[in-house]
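# here is my input, please return the structure:
(one chain, ligands or ions: 1)
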Amino acid sequence: MDSILSVRGVGKTYSSGHRALDSVDLDITRGEIFALLGPNGAGKTTLISIICGIVTPSSGTILVDGHDAIRDPREARTRIGLVPQETVVDMFETVWSTVRFSRGLFGKKMDKAYCEQLLKDLALWDKRDNQIRELSGGMKRRVLIAKALSHEPDILFLDEPTAGVDVSLRREMWKLVTGLRERGTTIILTTHYIEEAEEMADRVGVIDKGRLLLVEEKAALMHKLGKRELTLALQEPMAALPDALADWHLALEEEGHRLRYTFDAQAEHTGIPSLLRKLGELDIGFKDLETEKSSLEDIFVDLVEKDQ
Ligand SMILES: Nc1ncnc2c1ncn2[C@@H]1O[C@H](COP(=O)(O)OP(=O)(O)OP(=O)(O)O)[C@@H](O)[C@H]1O
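Model prediction:
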(Lines give C-alpha, C1' and ligand atoms only; values in the text may rest on other atoms or scores of the structure.)
Protein backbone atom coordinates (compact mmCIF):
# COMPACT_ATOMS: atom_id res chain seq x y z
CA MET A 1 0.00 0.00 0.00
CA ASP A 2 1.32 3.43 -0.95
CA SER A 3 0.61 5.39 2.22
CA ILE A 4 0.60 9.19 1.91
CA LEU A 5 -0.33 9.83 5.52
CA SER A 6 0.56 7.77 8.53
CA VAL A 7 -0.85 8.53 11.99
CA ARG A 8 0.54 6.55 14.91
CA GLY A 9 -0.68 6.63 18.51
CA VAL A 10 -2.01 10.18 18.26
CA GLY A 11 -3.71 11.35 21.44
CA LYS A 12 -4.94 14.73 22.61
CA THR A 13 -5.91 15.94 26.05
CA TYR A 14 -6.97 19.61 26.00
CA SER A 15 -5.79 21.87 28.81
CA SER A 16 -9.33 21.63 30.21
CA GLY A 17 -8.46 18.00 30.95
CA HIS A 18 -10.80 16.73 28.23
CA ARG A 19 -9.41 13.69 26.41
CA ALA A 20 -10.49 14.42 22.83
CA LEU A 21 -8.40 11.73 21.10
CA ASP A 22 -7.17 8.43 22.36
CA SER A 23 -4.20 6.86 20.57
CA VAL A 24 -5.40 6.97 16.96
CA ASP A 25 -3.63 4.90 14.28
CA LEU A 26 -4.52 5.53 10.65
CA ASP A 27 -2.97 5.05 7.22
CA ILE A 28 -4.26 6.90 4.18
CA THR A 29 -3.56 5.48 0.73
CA ARG A 30 -2.42 7.84 -2.01
CA GLY A 31 -5.32 8.79 -4.27
CA GLU A 32 -8.18 7.58 -2.12
CA ILE A 33 -11.19 9.39 -0.68
CA PHE A 34 -11.36 8.63 3.01
CA ALA A 35 -14.36 9.60 5.14
CA LEU A 36 -14.03 10.06 8.87
CA LEU A 37 -17.51 9.44 10.17
CA GLY A 38 -18.64 10.23 13.69
CA PRO A 39 -21.16 12.10 15.83
CA ASN A 40 -20.69 15.65 17.18
CA GLY A 41 -17.73 15.94 19.49
CA ALA A 42 -16.21 12.62 18.37
CA GLY A 43 -12.80 14.21 17.78
CA LYS A 44 -12.84 14.60 13.98
CA THR A 45 -11.84 18.27 13.90
CA THR A 46 -9.22 17.67 16.58
CA LEU A 47 -7.61 14.92 14.50
CA ILE A 48 -7.60 17.04 11.33
CA SER A 49 -6.25 20.05 13.22
CA ILE A 50 -3.40 17.96 14.61
CA ILE A 51 -2.48 16.60 11.17
CA CYS A 52 -2.56 20.14 9.76
CA GLY A 53 -0.33 21.45 12.55
CA ILE A 54 -2.97 23.73 14.10
CA VAL A 55 -3.30 21.75 17.33
CA THR A 56 -0.37 20.08 19.10
CA PRO A 57 -0.93 16.42 19.96
CA SER A 58 -0.27 15.14 23.49
CA SER A 59 1.28 11.99 22.04
CA GLY A 60 2.02 10.18 18.81
CA THR A 61 3.65 10.74 15.44
CA ILE A 62 2.40 11.84 12.02
CA LEU A 63 4.13 11.39 8.68
CA VAL A 64 2.82 13.38 5.72
CA ASP A 65 4.35 11.93 2.57
CA GLY A 66 7.35 10.93 4.66
CA HIS A 67 7.69 14.27 6.50
CA ASP A 68 7.29 14.41 10.27
CA ALA A 69 4.41 16.83 10.90
CA ILE A 70 5.61 17.68 14.39
CA ARG A 71 9.36 18.06 13.81
CA ASP A 72 9.09 19.38 10.28
CA PRO A 73 5.67 21.09 10.17
CA ARG A 74 6.48 23.37 7.23
CA GLU A 75 7.35 20.53 4.84
CA ALA A 76 4.36 18.52 6.01
CA ARG A 77 1.93 21.44 5.80
CA THR A 78 2.91 22.32 2.22
CA ARG A 79 1.52 18.97 1.14
CA ILE A 80 -1.84 19.63 2.75
CA GLY A 81 -4.79 21.77 1.73
CA LEU A 82 -7.40 22.41 4.40
CA VAL A 83 -11.00 23.46 3.86
CA PRO A 84 -12.13 24.38 7.37
CA GLN A 85 -15.67 24.31 8.74
CA GLU A 86 -15.83 28.05 9.07
CA THR A 87 -15.27 30.56 6.29
CA VAL A 88 -12.02 32.42 6.75
CA VAL A 89 -11.67 34.76 3.80
CA ASP A 90 -11.72 38.48 3.26
CA MET A 91 -15.16 39.14 1.76
CA PHE A 92 -13.91 42.28 -0.05
CA GLU A 93 -11.12 40.50 -1.90
CA THR A 94 -11.69 39.09 -5.38
CA VAL A 95 -11.64 35.38 -6.09
CA TRP A 96 -8.43 35.69 -8.11
CA SER A 97 -6.47 37.62 -5.50
CA THR A 98 -7.66 35.29 -2.71
CA VAL A 99 -6.25 32.30 -4.56
CA ARG A 100 -3.04 34.12 -5.48
CA PHE A 101 -2.49 35.32 -1.92
CA SER A 102 -3.09 31.87 -0.49
CA ARG A 103 -0.52 30.34 -2.84
CA GLY A 104 1.96 33.02 -1.82
CA LEU A 105 1.56 32.09 1.84
CA PHE A 106 3.18 28.77 1.03
CA GLY A 107 6.09 30.49 -0.66
CA LYS A 108 5.07 29.25 -4.10
CA LYS A 109 5.69 31.36 -7.17
CA MET A 110 2.56 32.43 -9.01
CA ASP A 111 1.55 29.94 -11.69
CA LYS A 112 -1.17 31.57 -13.76
CA ALA A 113 -1.90 28.48 -15.82
CA TYR A 114 -2.40 26.33 -12.71
CA CYS A 115 -4.64 28.87 -10.97
CA GLU A 116 -6.67 29.44 -14.12
CA GLN A 117 -7.26 25.70 -14.53
CA LEU A 118 -8.14 25.39 -10.84
CA LEU A 119 -10.79 28.12 -11.09
CA LYS A 120 -12.12 26.59 -14.30
CA ASP A 121 -12.37 23.15 -12.65
CA LEU A 122 -14.28 24.71 -9.77
CA ALA A 123 -16.57 26.67 -12.12
CA LEU A 124 -15.26 29.97 -10.71
CA TRP A 125 -13.35 31.30 -13.69
CA ASP A 126 -16.16 33.66 -14.74
CA LYS A 127 -16.25 35.02 -11.18
CA ARG A 128 -12.50 35.59 -10.83
CA ASP A 129 -12.85 39.39 -10.66
CA ASN A 130 -15.84 39.36 -8.32
CA GLN A 131 -15.52 40.11 -4.63
CA ILE A 132 -16.28 37.09 -2.48
CA ARG A 133 -19.19 38.82 -0.79
CA GLU A 134 -20.93 38.96 -4.18
CA LEU A 135 -20.96 35.16 -4.58
CA SER A 136 -23.63 32.61 -3.69
CA GLY A 137 -23.13 30.22 -0.75
CA GLY A 138 -22.15 27.38 -3.08
CA MET A 139 -19.61 29.56 -4.87
CA LYS A 140 -18.13 30.71 -1.55
CA ARG A 141 -17.58 27.09 -0.59
CA ARG A 142 -15.87 26.48 -3.91
CA VAL A 143 -13.61 29.48 -3.27
CA LEU A 144 -12.53 27.82 0.00
CA ILE A 145 -11.62 24.71 -1.97
CA ALA A 146 -9.76 26.75 -4.58
CA LYS A 147 -7.88 28.49 -1.75
CA ALA A 148 -6.98 25.15 -0.16
CA LEU A 149 -5.74 23.79 -3.51
CA SER A 150 -3.90 26.96 -4.56
CA HIS A 151 -0.46 25.68 -3.46
CA GLU A 152 -0.89 22.30 -5.22
CA PRO A 153 -1.14 20.07 -2.14
CA ASP A 154 -1.28 16.27 -2.41
CA ILE A 155 -3.89 15.85 0.31
CA LEU A 156 -7.08 17.84 0.66
CA PHE A 157 -8.91 17.90 4.00
CA LEU A 158 -12.56 18.83 3.96
CA ASP A 159 -14.03 19.39 7.42
CA GLU A 160 -17.79 18.83 7.19
CA PRO A 161 -17.96 19.91 3.54
CA THR A 162 -21.75 19.95 3.38
CA ALA A 163 -22.77 21.06 6.88
CA GLY A 164 -25.71 23.45 6.60
CA VAL A 165 -25.92 23.04 2.84
CA ASP A 166 -29.11 22.23 0.91
CA VAL A 167 -29.59 18.95 -0.93
CA SER A 168 -28.75 20.17 -4.44
CA LEU A 169 -25.61 21.93 -3.24
CA ARG A 170 -24.63 18.81 -1.36
CA ARG A 171 -24.88 16.73 -4.55
CA GLU A 172 -22.90 19.35 -6.45
CA MET A 173 -20.21 19.15 -3.76
CA TRP A 174 -20.06 15.37 -3.93
CA LYS A 175 -19.59 15.51 -7.71
CA LEU A 176 -16.88 18.09 -7.34
CA VAL A 177 -14.95 16.09 -4.75
CA THR A 178 -15.11 12.95 -6.86
CA GLY A 179 -13.78 15.04 -9.77
CA LEU A 180 -10.84 16.25 -7.67
CA ARG A 181 -9.91 12.69 -6.84
CA GLU A 182 -9.83 11.90 -10.55
CA ARG A 183 -7.15 14.58 -10.86
CA GLY A 184 -5.07 12.62 -8.35
CA THR A 185 -5.74 14.48 -5.10
CA THR A 186 -6.03 12.35 -1.97
CA ILE A 187 -9.11 13.47 -0.06
CA ILE A 188 -9.97 13.14 3.61
CA LEU A 189 -13.33 14.42 4.71
CA THR A 190 -15.18 14.46 7.98
CA THR A 191 -18.90 14.04 8.16
CA HIS A 192 -21.69 12.89 10.38
CA TYR A 193 -23.86 11.93 7.44
CA ILE A 194 -23.71 8.26 6.63
CA GLU A 195 -25.02 9.01 3.09
CA GLU A 196 -22.12 11.34 2.52
CA ALA A 197 -19.60 8.65 3.35
CA GLU A 198 -21.59 6.23 1.25
CA GLU A 199 -21.74 8.54 -1.75
CA MET A 200 -18.10 9.55 -1.89
CA ALA A 201 -15.66 7.48 0.10
CA ASP A 202 -13.51 4.55 -0.89
CA ARG A 203 -12.89 3.78 2.78
CA VAL A 204 -14.62 4.90 5.95
CA GLY A 205 -13.27 5.31 9.47
CA VAL A 206 -15.78 5.43 12.31
CA ILE A 207 -14.73 7.60 15.24
CA ASP A 208 -16.54 8.07 18.54
CA LYS A 209 -15.43 9.59 21.83
CA GLY A 210 -11.91 10.09 20.55
CA ARG A 211 -11.39 6.51 19.45
CA LEU A 212 -11.16 5.22 15.92
CA LEU A 213 -13.48 2.24 16.21
CA LEU A 214 -13.04 0.79 12.76
CA VAL A 215 -11.64 1.45 9.32
CA GLU A 216 -13.23 -0.42 6.44
CA GLU A 217 -13.71 -0.44 2.71
CA LYS A 218 -16.99 1.34 2.12
CA ALA A 219 -18.58 -1.68 0.51
CA ALA A 220 -17.85 -3.83 3.57
CA LEU A 221 -19.23 -1.19 5.94
CA MET A 222 -22.38 -0.73 3.90
CA HIS A 223 -22.84 -4.45 3.91
CA LYS A 224 -22.78 -4.34 7.70
CA LEU A 225 -25.16 -1.40 7.73
CA GLY A 226 -27.47 -3.27 5.41
CA LYS A 227 -27.87 -6.13 7.88
CA ARG A 228 -31.20 -6.83 9.49
CA GLU A 229 -31.97 -8.96 12.43
CA LEU A 230 -34.94 -11.13 13.28
CA THR A 231 -35.28 -12.12 16.92
CA LEU A 232 -37.62 -14.88 18.07
CA ALA A 233 -38.64 -15.24 21.71
CA LEU A 234 -38.79 -19.03 22.09
CA GLN A 235 -41.50 -20.87 24.00
CA GLU A 236 -38.97 -23.31 25.44
CA PRO A 237 -35.31 -22.43 25.93
CA MET A 238 -32.88 -24.29 23.70
CA ALA A 239 -29.58 -25.70 24.96
CA ALA A 240 -27.90 -25.69 21.55
CA LEU A 241 -28.70 -24.96 17.93
CA PRO A 242 -29.89 -28.09 16.13
CA ASP A 243 -27.83 -29.17 13.10
CA ALA A 244 -30.96 -28.88 10.96
CA LEU A 245 -30.69 -25.08 11.32
CA ALA A 246 -27.09 -24.87 10.18
CA ASP A 247 -28.09 -23.22 6.87
CA TRP A 248 -29.13 -19.98 8.61
CA HIS A 249 -26.89 -17.47 10.37
CA LEU A 250 -28.31 -17.96 13.86
CA ALA A 251 -27.27 -17.20 17.40
CA LEU A 252 -28.80 -18.27 20.70
CA GLU A 253 -29.08 -15.54 23.30
CA GLU A 254 -30.33 -14.98 26.83
CA GLU A 255 -29.58 -18.53 27.94
CA GLY A 256 -31.34 -20.06 24.98
CA HIS A 257 -34.55 -18.03 25.31
CA ARG A 258 -33.99 -15.96 22.19
CA LEU A 259 -32.98 -16.94 18.70
CA ARG A 260 -31.41 -14.22 16.59
CA TYR A 261 -31.20 -14.47 12.82
CA THR A 262 -29.00 -11.98 10.94
CA PHE A 263 -29.63 -11.52 7.23
CA ASP A 264 -28.79 -9.22 4.36
CA ALA A 265 -31.54 -6.62 4.00
CA GLN A 266 -30.65 -6.08 0.35
CA ALA A 267 -30.91 -9.75 -0.62
CA GLU A 268 -33.87 -10.85 -2.69
CA HIS A 269 -34.44 -13.90 -0.52
CA THR A 270 -34.18 -13.18 3.17
CA GLY A 271 -34.47 -16.83 4.20
CA ILE A 272 -37.16 -15.99 6.73
CA PRO A 273 -40.06 -18.05 5.29
CA SER A 274 -37.90 -21.16 5.00
CA LEU A 275 -36.52 -20.63 8.51
CA LEU A 276 -40.00 -20.34 9.98
CA ARG A 277 -41.12 -23.47 8.09
CA LYS A 278 -38.10 -25.36 9.37
CA LEU A 279 -38.82 -24.27 12.95
CA GLY A 280 -42.38 -25.57 12.50
CA GLU A 281 -41.08 -28.93 11.24
CA LEU A 282 -38.74 -29.15 14.22
CA ASP A 283 -41.61 -28.24 16.54
CA ILE A 284 -39.79 -25.20 17.88
CA GLY A 285 -42.44 -22.69 19.00
CA PHE A 286 -42.03 -18.96 19.57
CA LYS A 287 -44.09 -16.39 21.46
CA ASP A 288 -43.01 -13.26 19.72
CA LEU A 289 -40.87 -12.01 16.89
CA GLU A 290 -39.33 -8.69 15.95
CA THR A 291 -37.09 -7.45 13.19
CA GLU A 292 -34.78 -4.49 13.20
CA LYS A 293 -32.33 -2.83 10.92
CA SER A 294 -28.86 -2.23 12.25
CA SER A 295 -28.30 1.51 12.08
CA LEU A 296 -25.09 3.45 12.37
CA GLU A 297 -26.11 3.94 15.98
CA ASP A 298 -26.27 0.16 16.51
CA ILE A 299 -22.87 -0.19 14.93
CA PHE A 300 -21.44 2.43 17.31
CA VAL A 301 -22.99 0.72 20.32
CA ASP A 302 -21.82 -2.66 19.09
CA LEU A 303 -18.29 -1.48 18.46
CA VAL A 304 -18.02 0.35 21.77
CA GLU A 305 -19.31 -2.70 23.66
CA LYS A 306 -16.87 -4.98 21.85
CA ASP A 307 -14.15 -2.50 22.58
CA GLN A 308 -14.83 -2.57 26.28
N1 LIG B 1 -9.81 23.90 22.44
C2 LIG B 1 -10.50 22.98 23.12
N3 LIG B 1 -10.42 22.93 24.47
C4 LIG B 1 -11.11 21.98 25.16
N5 LIG B 1 -11.88 21.04 24.60
C6 LIG B 1 -12.00 21.04 23.26
C7 LIG B 1 -11.31 22.01 22.46
N8 LIG B 1 -11.62 21.75 21.15
C9 LIG B 1 -12.45 20.70 21.16
N10 LIG B 1 -12.69 20.25 22.42
C11 LIG B 1 -13.51 19.10 22.82
O12 LIG B 1 -12.98 17.92 22.25
C13 LIG B 1 -14.02 17.06 21.79
C14 LIG B 1 -13.83 16.74 20.32
O15 LIG B 1 -14.10 17.92 19.58
P16 LIG B 1 -13.98 17.97 17.99
O17 LIG B 1 -14.26 19.36 17.56
O18 LIG B 1 -12.69 17.37 17.59
O19 LIG B 1 -15.18 17.01 17.56
P20 LIG B 1 -15.83 16.78 16.13
O21 LIG B 1 -15.90 15.30 15.96
O22 LIG B 1 -15.11 17.55 15.10
O23 LIG B 1 -17.27 17.35 16.36
P24 LIG B 1 -18.25 18.15 15.32
O25 LIG B 1 -18.84 17.09 14.45
O26 LIG B 1 -19.25 18.74 16.27
O27 LIG B 1 -17.42 19.16 14.62
C28 LIG B 1 -15.33 17.76 22.12
O29 LIG B 1 -15.83 17.23 23.34
C30 LIG B 1 -14.92 19.21 22.29
O31 LIG B 1 -15.78 19.87 23.21
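# only C-alpha atoms for contact and neighbour calcs from this point on.
Noted.
# residue in the stretch 151-300 of the chain nearest to the ligand?
Residue nearest to the ligand within the stretch 151-300 of the chain (C-alpha to the nearest ligand atom): His192, separated by 6.5 Å.
# now Met222, nearest residue through space, not along the chain?
Glu198 (7.5 Å; C-alpha to C-alpha, 6 or more residues apart in numbering).
# rewinding a little: the residue of the stretch 151-300 of the chain closest to the ligand touches Ala35, doesn't it?
No - the pair His192 / Ala35 is not scored as a contact, 9.6 Å apart, by C-alpha atoms under 8 Å.
# okay, those two: which has more neighbours?
Ala35 (27 against 19; other C-alpha atoms under 10 Å).
# thought the more buried one was touching Gly205?
Yes - counting by C-alpha under 8 Å, Ala35 sits close enough to Gly205 to count as a contact (6.2 Å).
# number of residues surrounding Asp283?
Around Asp283 there are 9 other residues, counting by other C-alpha under 10 Å.
# quick one, what contacts it?
With contact set as C-alpha atoms under 8 Å, 6 or more residues apart in numbering, Asp283 has no partners.
# go again using 10 Å as the cut-off
Contacts of Asp283 were listed using C-alpha atoms under 10 Å, 6 or more residues apart in numbering, and they are Arg277.
# and if you look at Pro161?
Per C-alpha under 10 Å, 6+ apart, neighbours of Pro161: 83-85, 141, 145, 170, 173-174, 177, 189-191, 196.
# strands of the stretch 1-150 of the chain, residue ranges please.
For the stretch 1-150 of the chain, the strands defined by DSSP state E, counting those that start in this stretch occupy 3-13, 19-29, 33-37, 59-64, 67-68, 80-83.
# those strands: which one's closest to the ligand?
strand 19-29 (4.3 Å).
# ok, the closest one near the ligand or not?
Yes - under the criterion of C-alpha under 6 Å from any ligand atom, the ligand is reached by strand 19-29 at Ala20.
# which parts of that strand are buried?
Residues of strand 19-29 classed as buried by neighbour count (16 or more other C-alpha atoms under 10 Å): 20-29.
# just to revisit the earlier point, anything in contact with each of His192 and Ala35?
With C-alpha under 10 Å, 6+ apart, His192 and Ala35 have common neighbours Val206.
# which residue of this protein lies farthest from its centroid?
Asp283 (46.8 Å; C-alpha atoms, centre = their mean).
# please identify the helix or strand for that one.
Using DSSP states H and E, Asp283 is not contained in any helix or strand.
# and the one 5 residues further on, by the same measure?
Taking DSSP H and E as the definition, one finds Asp288 inside strand 286-293.
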